[in-house]
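> How does the following fold in three dimensions:
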Amino acid sequence: MKDKPNTMRRILSILPCLLFSFACFAQKTIAIKCGNLFDANTGKLLAAQVVLVKGSAILSVTPEADFKERTDTVIDLSGYTVLPGLIDAHTHVLLQQDVTSQEYADQLLKESIPYRTLRAARSAKISLDNGFTTIRDLETEGAMYADVDVKKAINNNIIPGPRMFVSTRAINTVGHYALSPKEYNWELDLPKGIQEINGADEGRRAVREQISHGADWIKLYTDRGYYKAQDGTYHSYPNFTKEEIGAIADETINSGKKFAAHAMTRDGIIYAINAGVTSIEHGFGMDDECIQLMAQKKVYWCPTIFICDYMAEGREKEGNPMDRLFMQTFPATFKKALQAGVSIVYGTDIGGYSWDEPQAKDFEYMVKWGMTAAQAIQTATVTGAKLLGKQGELGVLQANAFADIIAVQGNPLQNITLLQQVKWVMKNGVVYKSVANH
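Numbering: from 1, shown residues only. From the prediction side, this is the model:
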(Lines give C-alpha, C1' and ligand atoms only; values in the text may rest on other atoms or scores of the structure.)
Protein backbone atom coordinates (compact mmCIF):
# COMPACT_ATOMS: atom_id res chain seq x y z
CA MET A 1 0.00 0.00 0.00
CA LYS A 2 2.90 2.34 0.71
CA ASP A 3 3.98 2.17 -2.94
CA LYS A 4 0.66 3.45 -4.30
CA PRO A 5 1.33 7.19 -3.74
CA ASN A 6 4.75 6.86 -5.35
CA THR A 7 3.30 4.95 -8.28
CA MET A 8 0.62 7.59 -8.75
CA ARG A 9 3.22 10.37 -8.63
CA ARG A 10 5.30 8.60 -11.28
CA ILE A 11 2.25 8.20 -13.51
CA LEU A 12 1.34 11.86 -13.11
CA SER A 13 4.91 12.93 -13.79
CA ILE A 14 5.05 11.17 -17.17
CA LEU A 15 1.47 12.00 -18.20
CA PRO A 16 2.35 15.40 -19.75
CA CYS A 17 5.08 13.74 -21.83
CA LEU A 18 2.65 11.09 -23.01
CA LEU A 19 0.04 13.68 -23.92
CA PHE A 20 2.63 15.75 -25.78
CA SER A 21 3.84 12.69 -27.67
CA PHE A 22 0.26 11.80 -28.58
CA ALA A 23 -0.42 15.35 -29.80
CA CYS A 24 2.66 15.25 -32.02
CA PHE A 25 1.68 11.82 -33.35
CA ALA A 26 -1.88 13.03 -33.98
CA GLN A 27 -0.74 15.93 -36.17
CA LYS A 28 -1.51 15.02 -39.75
CA THR A 29 0.97 15.40 -42.58
CA ILE A 30 0.05 17.24 -45.76
CA ALA A 31 1.89 16.99 -49.06
CA ILE A 32 1.42 20.00 -51.31
CA LYS A 33 2.25 19.28 -54.94
CA CYS A 34 3.50 22.49 -56.60
CA GLY A 35 3.61 23.12 -60.34
CA ASN A 36 6.24 25.78 -59.65
CA LEU A 37 7.63 26.97 -56.33
CA PHE A 38 9.13 30.42 -55.71
CA ASP A 39 12.39 30.13 -53.77
CA ALA A 40 12.45 33.48 -51.98
CA ASN A 41 16.11 33.08 -51.02
CA THR A 42 17.31 32.81 -54.61
CA GLY A 43 14.45 34.57 -56.40
CA LYS A 44 14.05 31.60 -58.74
CA LEU A 45 11.19 29.28 -59.66
CA LEU A 46 11.65 25.58 -59.02
CA ALA A 47 9.49 23.20 -61.05
CA ALA A 48 7.55 20.21 -59.68
CA GLN A 49 8.23 20.44 -55.94
CA VAL A 50 6.45 18.94 -52.94
CA VAL A 51 6.10 20.86 -49.69
CA LEU A 52 5.59 18.57 -46.70
CA VAL A 53 3.66 20.17 -43.84
CA LYS A 54 3.02 18.88 -40.34
CA GLY A 55 1.05 20.96 -37.88
CA SER A 56 2.00 24.61 -38.31
CA ALA A 57 5.45 23.98 -39.80
CA ILE A 58 7.08 22.96 -43.06
CA LEU A 59 9.03 19.72 -42.69
CA SER A 60 10.69 19.67 -46.10
CA VAL A 61 10.67 20.88 -49.69
CA THR A 62 11.57 18.11 -52.14
CA PRO A 63 11.54 17.61 -55.92
CA GLU A 64 8.42 15.61 -56.75
CA ALA A 65 10.48 12.92 -58.45
CA ASP A 66 12.32 12.27 -55.16
CA PHE A 67 9.34 12.46 -52.82
CA LYS A 68 8.55 9.08 -51.25
CA GLU A 69 6.74 10.03 -48.02
CA ARG A 70 3.33 8.61 -47.14
CA THR A 71 1.07 11.43 -45.98
CA ASP A 72 -2.42 11.82 -44.59
CA THR A 73 -3.46 14.37 -47.20
CA VAL A 74 -2.31 15.47 -50.65
CA ILE A 75 -3.17 18.93 -51.98
CA ASP A 76 -2.69 19.16 -55.72
CA LEU A 77 -1.45 22.61 -56.76
CA SER A 78 0.39 21.27 -59.78
CA GLY A 79 -1.38 23.84 -61.96
CA TYR A 80 -0.22 26.74 -59.78
CA THR A 81 2.82 28.71 -58.71
CA VAL A 82 3.32 28.36 -54.98
CA LEU A 83 4.95 31.11 -52.92
CA PRO A 84 5.61 31.91 -49.26
CA GLY A 85 2.83 33.82 -47.55
CA LEU A 86 3.37 37.53 -48.17
CA ILE A 87 4.25 40.15 -45.55
CA ASP A 88 2.70 43.63 -45.57
CA ALA A 89 4.85 45.76 -43.28
CA HIS A 90 2.50 48.75 -43.10
CA THR A 91 -1.23 48.30 -42.56
CA HIS A 92 -4.09 49.86 -40.55
CA VAL A 93 -6.79 47.28 -39.89
CA LEU A 94 -8.74 49.77 -37.75
CA LEU A 95 -8.90 52.40 -40.47
CA GLN A 96 -11.27 52.32 -43.43
CA GLN A 97 -9.87 54.94 -45.83
CA ASP A 98 -9.05 58.56 -45.09
CA VAL A 99 -8.50 60.27 -48.43
CA THR A 100 -10.29 63.33 -47.02
CA SER A 101 -10.06 64.81 -43.55
CA GLN A 102 -13.81 64.26 -43.20
CA GLU A 103 -13.48 60.52 -43.77
CA TYR A 104 -10.93 60.38 -40.98
CA ALA A 105 -12.98 62.53 -38.61
CA ASP A 106 -16.12 60.49 -39.21
CA GLN A 107 -14.39 57.33 -38.04
CA LEU A 108 -13.04 58.91 -34.85
CA LEU A 109 -16.18 60.88 -34.01
CA LYS A 110 -19.03 58.67 -35.21
CA GLU A 111 -17.73 55.13 -34.77
CA SER A 112 -17.11 53.57 -31.36
CA ILE A 113 -13.93 51.58 -30.81
CA PRO A 114 -15.96 48.32 -30.56
CA TYR A 115 -17.58 49.09 -33.91
CA ARG A 116 -14.23 49.89 -35.49
CA THR A 117 -12.83 46.65 -34.08
CA LEU A 118 -15.61 44.67 -35.73
CA ARG A 119 -14.71 46.36 -39.01
CA ALA A 120 -11.06 45.51 -38.34
CA ALA A 121 -11.98 41.83 -38.19
CA ARG A 122 -13.21 42.15 -41.76
CA SER A 123 -9.99 43.92 -42.77
CA ALA A 124 -7.91 41.14 -41.25
CA LYS A 125 -9.84 38.49 -43.17
CA ILE A 126 -9.39 40.44 -46.41
CA SER A 127 -5.64 40.64 -45.83
CA LEU A 128 -5.43 36.88 -45.29
CA ASP A 129 -7.51 36.18 -48.41
CA ASN A 130 -5.19 38.52 -50.34
CA GLY A 131 -2.29 36.22 -49.47
CA PHE A 132 -0.74 38.44 -46.81
CA THR A 133 -0.33 35.95 -44.01
CA THR A 134 1.70 38.39 -41.88
CA ILE A 135 1.18 42.11 -41.32
CA ARG A 136 2.85 44.82 -39.27
CA ASP A 137 -0.07 47.03 -38.27
CA LEU A 138 1.29 50.52 -37.66
CA GLU A 139 -1.16 52.06 -35.21
CA THR A 140 -4.85 52.16 -34.53
CA GLU A 141 -5.63 55.81 -35.42
CA GLY A 142 -7.51 56.60 -32.24
CA ALA A 143 -8.74 53.08 -31.46
CA MET A 144 -6.36 52.78 -28.50
CA TYR A 145 -5.20 49.16 -28.01
CA ALA A 146 -7.84 47.44 -30.13
CA ASP A 147 -5.17 46.09 -32.48
CA VAL A 148 -3.93 43.94 -29.58
CA ASP A 149 -7.46 42.51 -29.27
CA VAL A 150 -7.65 41.75 -32.98
CA LYS A 151 -4.27 40.03 -32.76
CA LYS A 152 -5.43 37.97 -29.75
CA ALA A 153 -8.67 36.99 -31.49
CA ILE A 154 -6.70 35.74 -34.50
CA ASN A 155 -4.17 33.88 -32.36
CA ASN A 156 -7.00 32.25 -30.38
CA ASN A 157 -8.77 31.16 -33.59
CA ILE A 158 -11.81 33.33 -32.88
CA ILE A 159 -11.51 35.15 -36.22
CA PRO A 160 -9.42 34.41 -39.32
CA GLY A 161 -6.61 36.78 -40.09
CA PRO A 162 -2.89 37.17 -40.65
CA ARG A 163 -0.13 36.94 -38.09
CA MET A 164 0.03 40.45 -36.60
CA PHE A 165 2.82 42.61 -35.24
CA VAL A 166 1.13 45.64 -33.67
CA SER A 167 2.19 49.13 -32.59
CA THR A 168 -0.94 50.26 -30.69
CA ARG A 169 -1.33 54.04 -30.49
CA ALA A 170 1.78 55.66 -32.07
CA ILE A 171 3.39 58.79 -30.60
CA ASN A 172 3.46 62.45 -31.59
CA THR A 173 3.84 65.76 -29.80
CA VAL A 174 0.91 67.87 -28.64
CA GLY A 175 -0.94 69.74 -31.36
CA HIS A 176 0.59 67.96 -34.34
CA TYR A 177 -2.01 65.36 -35.27
CA ALA A 178 -5.71 65.07 -36.00
CA LEU A 179 -8.20 65.79 -34.65
CA SER A 180 -7.18 69.39 -34.14
CA PRO A 181 -9.05 71.69 -31.70
CA LYS A 182 -8.71 74.60 -34.12
CA GLU A 183 -11.05 72.80 -36.52
CA TYR A 184 -13.75 72.05 -33.91
CA ASN A 185 -15.32 73.50 -30.82
CA TRP A 186 -12.29 73.95 -28.53
CA GLU A 187 -14.47 73.20 -25.50
CA LEU A 188 -14.77 69.57 -26.59
CA ASP A 189 -12.39 66.85 -25.49
CA LEU A 190 -11.70 65.49 -28.97
CA PRO A 191 -10.33 62.01 -29.69
CA LYS A 192 -6.79 61.91 -31.04
CA GLY A 193 -5.37 59.62 -33.68
CA ILE A 194 -2.19 59.14 -31.64
CA GLN A 195 -0.82 59.40 -28.08
CA GLU A 196 0.37 62.96 -27.48
CA ILE A 197 3.45 63.76 -25.43
CA ASN A 198 5.35 66.84 -24.28
CA GLY A 199 8.94 66.36 -23.19
CA ALA A 200 11.35 63.45 -22.89
CA ASP A 201 9.81 61.99 -19.72
CA GLU A 202 6.34 61.83 -21.28
CA GLY A 203 7.91 60.16 -24.31
CA ARG A 204 9.45 57.46 -22.14
CA ARG A 205 6.15 56.99 -20.33
CA ALA A 206 4.26 56.58 -23.62
CA VAL A 207 6.68 53.89 -24.78
CA ARG A 208 6.33 52.02 -21.48
CA GLU A 209 2.54 52.28 -21.54
CA GLN A 210 2.26 51.02 -25.11
CA ILE A 211 4.62 48.10 -24.55
CA SER A 212 2.78 47.18 -21.35
CA HIS A 213 -0.45 47.04 -23.36
CA GLY A 214 1.04 44.71 -25.97
CA ALA A 215 2.88 46.83 -28.55
CA ASP A 216 5.38 44.81 -30.60
CA TRP A 217 6.67 47.97 -32.29
CA ILE A 218 6.71 51.66 -31.43
CA LYS A 219 5.72 54.14 -34.12
CA LEU A 220 6.57 57.84 -34.23
CA TYR A 221 5.35 60.64 -36.47
CA THR A 222 8.56 62.60 -36.92
CA ASP A 223 7.52 65.39 -39.29
CA ARG A 224 4.58 67.40 -40.60
CA GLY A 225 3.72 70.32 -42.87
CA TYR A 226 5.46 69.02 -45.99
CA TYR A 227 6.33 71.51 -48.70
CA LYS A 228 8.38 71.85 -51.86
CA ALA A 229 10.96 74.64 -51.81
CA GLN A 230 11.77 76.85 -54.78
CA ASP A 231 14.93 74.83 -55.48
CA GLY A 232 12.79 71.70 -55.91
CA THR A 233 13.77 70.05 -52.63
CA TYR A 234 11.22 68.80 -50.11
CA HIS A 235 11.09 69.92 -46.51
CA SER A 236 8.90 69.62 -43.43
CA TYR A 237 8.71 70.62 -39.77
CA PRO A 238 10.13 68.24 -37.15
CA ASN A 239 7.66 67.12 -34.48
CA PHE A 240 10.10 66.24 -31.70
CA THR A 241 13.04 67.87 -30.01
CA LYS A 242 16.29 65.90 -30.05
CA GLU A 243 15.77 65.16 -26.37
CA GLU A 244 12.26 63.82 -26.96
CA ILE A 245 13.09 61.55 -29.88
CA GLY A 246 16.28 60.43 -28.14
CA ALA A 247 14.38 59.44 -25.00
CA ILE A 248 11.72 57.58 -26.99
CA ALA A 249 14.33 55.74 -29.01
CA ASP A 250 16.38 54.90 -25.92
CA GLU A 251 13.36 53.54 -24.04
CA THR A 252 12.23 51.51 -27.05
CA ILE A 253 15.61 49.93 -27.76
CA ASN A 254 16.33 49.26 -24.06
CA SER A 255 12.98 47.44 -23.92
CA GLY A 256 14.05 45.10 -26.70
CA LYS A 257 11.71 46.66 -29.24
CA LYS A 258 12.15 48.46 -32.55
CA PHE A 259 10.60 51.68 -33.76
CA ALA A 260 9.28 52.85 -37.10
CA ALA A 261 9.11 56.49 -38.15
CA HIS A 262 6.51 58.11 -40.35
CA ALA A 263 8.82 60.59 -42.08
CA MET A 264 8.38 62.29 -45.42
CA THR A 265 11.42 64.53 -45.93
CA ARG A 266 15.00 64.92 -44.73
CA ASP A 267 13.76 67.05 -41.82
CA GLY A 268 12.03 64.03 -40.31
CA ILE A 269 14.11 61.23 -41.80
CA ILE A 270 17.66 62.17 -40.82
CA TYR A 271 17.07 62.70 -37.14
CA ALA A 272 14.99 59.52 -36.97
CA ILE A 273 17.91 57.61 -38.51
CA ASN A 274 20.38 59.19 -36.09
CA ALA A 275 18.12 58.23 -33.18
CA GLY A 276 18.27 54.55 -34.19
CA VAL A 277 15.09 53.98 -36.17
CA THR A 278 14.62 50.56 -37.78
CA SER A 279 12.35 51.59 -40.66
CA ILE A 280 11.34 54.78 -42.43
CA GLU A 281 7.69 54.80 -43.48
CA HIS A 282 6.74 56.59 -46.71
CA GLY A 283 9.80 58.83 -47.23
CA PHE A 284 8.24 60.24 -50.39
CA GLY A 285 10.43 63.35 -50.33
CA MET A 286 13.75 61.86 -49.23
CA ASP A 287 16.95 63.19 -50.79
CA ASP A 288 20.33 61.70 -51.66
CA GLU A 289 21.73 62.19 -48.16
CA CYS A 290 18.80 60.29 -46.67
CA ILE A 291 19.34 57.45 -49.13
CA GLN A 292 23.05 57.19 -48.36
CA LEU A 293 22.44 57.27 -44.60
CA MET A 294 19.79 54.56 -44.86
CA ALA A 295 22.09 52.33 -46.90
CA GLN A 296 25.02 52.97 -44.56
CA LYS A 297 23.08 52.35 -41.34
CA LYS A 298 20.99 49.50 -42.78
CA VAL A 299 17.68 51.26 -42.17
CA TYR A 300 14.70 49.71 -43.94
CA TRP A 301 12.51 51.77 -46.26
CA CYS A 302 8.81 50.99 -46.48
CA PRO A 303 7.78 53.25 -49.39
CA THR A 304 3.97 52.65 -49.54
CA ILE A 305 3.81 53.74 -53.16
CA PHE A 306 0.25 53.07 -54.29
CA ILE A 307 -1.35 55.09 -51.52
CA CYS A 308 0.55 58.21 -52.57
CA ASP A 309 -0.88 57.88 -56.07
CA TYR A 310 -4.32 56.89 -54.74
CA MET A 311 -4.55 59.90 -52.42
CA ALA A 312 -3.22 62.54 -54.79
CA GLU A 313 -6.42 63.68 -56.48
CA GLY A 314 -8.62 63.69 -53.38
CA ARG A 315 -6.04 65.46 -51.23
CA GLU A 316 -5.43 68.11 -53.89
CA LYS A 317 -9.16 68.85 -54.04
CA GLU A 318 -8.88 69.68 -50.33
CA GLY A 319 -6.04 72.08 -51.09
CA ASN A 320 -3.04 69.81 -50.48
CA PRO A 321 -1.06 69.09 -53.68
CA MET A 322 1.84 67.30 -51.97
CA ASP A 323 0.99 63.72 -52.95
CA ARG A 324 0.76 64.79 -56.60
CA LEU A 325 4.14 66.55 -56.30
CA PHE A 326 5.70 63.57 -54.55
CA MET A 327 4.50 61.25 -57.32
CA GLN A 328 6.38 63.35 -59.88
CA THR A 329 9.73 62.59 -58.24
CA PHE A 330 8.94 59.25 -56.57
CA PRO A 331 10.15 57.03 -59.48
CA ALA A 332 13.60 58.65 -59.51
CA THR A 333 13.85 58.47 -55.72
CA PHE A 334 12.94 54.78 -55.76
CA LYS A 335 15.52 53.99 -58.43
CA LYS A 336 18.25 55.82 -56.50
CA ALA A 337 17.42 53.94 -53.31
CA LEU A 338 17.43 50.62 -55.18
CA GLN A 339 20.81 51.36 -56.77
CA ALA A 340 22.26 52.50 -53.44
CA GLY A 341 21.37 49.18 -51.81
CA VAL A 342 18.69 50.42 -49.40
CA SER A 343 16.71 47.52 -47.91
CA ILE A 344 13.26 48.11 -49.39
CA VAL A 345 10.42 46.31 -47.63
CA TYR A 346 6.88 45.86 -48.91
CA GLY A 347 4.21 47.92 -47.17
CA THR A 348 0.98 49.38 -48.44
CA ASP A 349 -0.59 51.65 -45.79
CA ILE A 350 -3.87 49.92 -46.65
CA GLY A 351 -6.62 51.21 -44.42
CA GLY A 352 -5.44 54.65 -45.48
CA TYR A 353 -6.97 53.52 -48.76
CA SER A 354 -9.95 51.20 -48.95
CA TRP A 355 -9.56 47.57 -47.95
CA ASP A 356 -11.58 46.74 -51.08
CA GLU A 357 -8.69 47.92 -53.27
CA PRO A 358 -5.82 45.58 -54.24
CA GLN A 359 -3.30 45.05 -51.44
CA ALA A 360 -0.69 43.81 -53.93
CA LYS A 361 -0.80 46.94 -56.11
CA ASP A 362 2.59 48.26 -54.94
CA PHE A 363 4.35 45.38 -56.70
CA GLU A 364 3.40 46.92 -60.05
CA TYR A 365 5.11 50.20 -59.22
CA MET A 366 8.23 48.44 -57.92
CA VAL A 367 8.62 46.51 -61.17
CA LYS A 368 7.83 49.55 -63.30
CA TRP A 369 10.46 51.55 -61.40
CA GLY A 370 13.36 49.14 -61.78
CA MET A 371 12.98 45.99 -59.72
CA THR A 372 12.72 42.58 -61.25
CA ALA A 373 9.53 40.74 -60.33
CA ALA A 374 11.60 38.41 -58.13
CA GLN A 375 13.14 41.37 -56.27
CA ALA A 376 9.70 42.86 -55.73
CA ILE A 377 8.37 39.60 -54.28
CA GLN A 378 11.43 39.36 -52.03
CA THR A 379 10.50 42.72 -50.45
CA ALA A 380 7.34 41.01 -49.17
CA THR A 381 9.02 37.75 -48.19
CA VAL A 382 12.66 37.45 -47.08
CA THR A 383 13.20 41.19 -46.57
CA GLY A 384 9.97 41.57 -44.63
CA ALA A 385 10.98 38.63 -42.44
CA LYS A 386 14.35 40.23 -41.69
CA LEU A 387 12.64 43.48 -40.71
CA LEU A 388 10.48 41.54 -38.25
CA GLY A 389 13.41 39.49 -36.93
CA LYS A 390 11.81 36.31 -38.27
CA GLN A 391 14.21 35.22 -41.00
CA GLY A 392 13.99 31.51 -41.65
CA GLU A 393 10.52 31.41 -40.06
CA LEU A 394 8.50 33.71 -42.32
CA GLY A 395 8.74 34.60 -45.99
CA VAL A 396 10.37 31.32 -47.07
CA LEU A 397 9.37 27.80 -48.04
CA GLN A 398 11.91 25.65 -46.26
CA ALA A 399 12.20 23.23 -43.37
CA ASN A 400 11.24 24.67 -39.96
CA ALA A 401 9.50 27.73 -41.42
CA PHE A 402 5.88 28.42 -40.60
CA ALA A 403 3.52 26.75 -43.06
CA ASP A 404 2.37 30.07 -44.54
CA ILE A 405 1.86 29.30 -48.21
CA ILE A 406 -0.07 30.87 -51.10
CA ALA A 407 -0.68 29.99 -54.73
CA VAL A 408 -1.44 31.89 -57.91
CA GLN A 409 -2.36 30.63 -61.36
CA GLY A 410 0.38 31.53 -63.82
CA ASN A 411 3.89 32.85 -63.48
CA PRO A 412 4.20 35.98 -61.30
CA LEU A 413 7.78 36.51 -62.49
CA GLN A 414 6.32 37.19 -65.91
CA ASN A 415 3.15 38.94 -64.70
CA ILE A 416 3.44 40.55 -61.27
CA THR A 417 -0.26 41.48 -61.26
CA LEU A 418 -1.08 37.82 -60.59
CA LEU A 419 -0.33 38.56 -56.95
CA GLN A 420 -3.58 40.53 -56.95
CA GLN A 421 -5.37 37.25 -57.73
CA VAL A 422 -4.24 34.85 -55.02
CA LYS A 423 -6.21 31.61 -55.40
CA TRP A 424 -5.14 29.55 -52.39
CA VAL A 425 -3.97 30.46 -48.88
CA MET A 426 -2.57 28.42 -46.01
CA LYS A 427 -1.48 29.94 -42.70
CA ASN A 428 0.07 27.92 -39.90
CA GLY A 429 -0.77 24.73 -41.75
CA VAL A 430 -4.48 25.56 -42.05
CA VAL A 431 -6.09 26.20 -45.45
CA TYR A 432 -8.16 29.39 -45.38
CA LYS A 433 -8.81 29.86 -49.09
CA SER A 434 -9.01 27.16 -51.74
CA VAL A 435 -10.21 26.76 -55.30
CA ALA A 436 -8.09 23.73 -56.19
CA ASN A 437 -9.14 20.11 -55.95
CA HIS A 438 -7.46 18.33 -53.09
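> got the buried residues for the host helix or strand of Asp147?
Remark: Asp147 resides in helix 146-155, with elements defined by DSSP states H and E. For helix 146-155, burial by neighbour count (16 or more other C-beta atoms under 10 Å) applies to 146-151, 153-154. From N, CA and C alone the C-beta is placed, and that goes for glycine too.
> so can I have a markdown table of those showing pLDDT?
Below are the buried residues of helix 146-155 laid out as a markdown table (pLDDT from 0 to 100):
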| residue | pLDDT |
| --- | --- |
| Ala146 | 98 |
| Asp147 | 98 |
| Val148 | 98 |
| Asp149 | 98 |
| Val150 | 98 |
| Lys151 | 98 |
| Ala153 | 98 |
| Ile154 | 98 |
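> of all the residues you listed, which comes closest to Tyr234?
Asp147 (30.5 Å; C-beta to C-beta).
> quick one: contacts for the closest residue to that closest one other than its chain neighbours?
Excluding its sequence neighbours, the residue lying closest to Asp147 (C-beta to C-beta, 6 or more residues apart in numbering) is Val166, at 4.2 Å. By C-beta atoms under 8 Å, 6 or more residues apart in numbering, the contact list for Val166 reads 136-137, 147-148, 150-151, 214-217.
> can you check Pro191 too?
Counted by C-beta under 8 Å, 6+ apart, Pro191 has contacts 108-109, 142, 179.
> again, only this time at 10 Å
Going by C-beta atoms under 10 Å, 6 or more residues apart in numbering, Pro191 touches 105, 107-109, 113, 141-144, 178-179.
> Need the per-residue pLDDT for it.
On the pLDDT scale, Pro191 is placed at 96.
> same check, this time on the one 3 residues further on
On the pLDDT scale, Ile194 is placed at 98.
> give the contact list for Glu243.
Contacts of Glu243 (C-beta under 10 Å, 6+ apart): 199-201, 203.
> can you count the residues close to Gly74?
Rather than Gly, residue 74 is Val. 12 (other C-beta atoms under 10 Å).
> low-confidence ranges in this structure?
1-26, 436-438 (pLDDT under 70).
> if we go to 80?
Applying pLDDT under 80 to the chain picks out residues 1-26, 435-438.
> which stretches of it form helices?
Secondary structure of the chain (DSSP state H): helices at 3-26, 101-110, 113-129, 146-155, 200-212, 242-254, 266-275, 288-296, 305-317, 322-340, 362-368, 373-379, 382-387.
> what's the closest of the ones you listed to Tyr184?
Closest among the helices of the chain, using C-beta to C-beta: helix 101-110, at 8.5 Å.
> That closest one vs helix 113-129, what angle?
Per axes from the mean of the first three to the mean of the last three C-alpha atoms, to 10 degrees, the angle that helix 101-110 makes with helix 113-129 is 120 degrees.
> contacting residues around helix 101-110?
94-98, 100, 115-116, 119, 141-143, 178-180, 183-184, 188, 190-193, 314-315, 318, 320, 352, 354.
> quick one: which of the contacts of Val166 is nearest Val50?
Among these, Arg136 lies closest to Val50 (C-beta to C-beta), at 31.0 Å.
> in the sheet, who's paired with that closest one?
Phe165 (DSSP bridges).
> related to what we said a few turns ago, what angle sits between the helix holding Asp147 and helix 200-212?
20 degrees.
> returning to that earlier point: so which of the helices of the chain comes closest to Asp223?
Of all those, it is helix 266-275 that lies closest to Asp223, at 2.7 Å by C-beta to C-beta.
> Check which helices and strands the closest one sits against.
With contacts defined as 3 or more C-beta pairs under 10 Å, 6 or more residues apart in numbering; DSSP states H and E, helix 266-275 has these neighbours: strand 217-221, strand 223-228, strand 234-238, helix 242-254, strand 258-265, strand 279-285, helix 288-296.
> Out of these, flag the one nearest Leu419.
So among the helices and strands packed on helix 266-275, strand 279-285 is nearest, using C-beta to C-beta, at 21.5 Å.
> partners of that closest one in the sheet?
Paired strands of strand 279-285, defined by DSSP bridges, are strand 258-265 (parallel), strand 300-302 (parallel).
> can I get those in TSV with distance to Ile344?
Listed next are those as TSV, based on distance: least, C-beta to C-beta, whole Å:
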stretch	distance to Ile344
strand 258-265	14
strand 300-302	5
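> Show the buried residues in the contacts of helix 101-110.
Of the contacts of helix 101-110, these count as buried by 16+ other C-beta under 10 Å: 94-98, 116, 119, 141-143, 178-179, 190-193, 314-315, 352.
> that older thread, and the contacts of Glu243, which are buried?
Of these, these count as buried by 16+ other C-beta under 10 Å: 200, 203.
> Now render the contacts of Glu243 as JSON lines, adding distance to Gln398.
Below are these laid out as JSON lines (distance: C-beta to C-beta, whole Å):
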{"residue": "Gly199", "distance to Gln398": "47"}
{"residue": "Ala200", "distance to Gln398": "44"}
{"residue": "Asp201", "distance to Gln398": "46"}
{"residue": "Gly203", "distance to Gln398": "40"}
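> How about stretch 39-50, which residues are buried there?
39-41, 43, 45, 49-50.
> Give me the distance between the two termini of it.
From its first residue to its last, stretch 39-50 covers 13 Å (C-alpha to C-alpha, to the nearest Å).
> With stretch 377-392 instead?
Using C-alpha to C-alpha, first and last residues of stretch 377-392 are 16 Å apart.
> Just checking the distance from it to the centre of its chain.
Distance of stretch 377-392 from its chain centroid, counting by C-alpha atoms, centre = their mean, to the nearest Å, is 10 Å.
> how about that stretch: buried residues?
377-388, 390-391.
> ok so, going back, looking at the helices and strands packed on helix 266-275, which is nearest to Val408?
Judging the helices and strands packed on helix 266-275 by C-beta to C-beta, what sits closest to Val408 is strand 279-285, at 27.2 Å.
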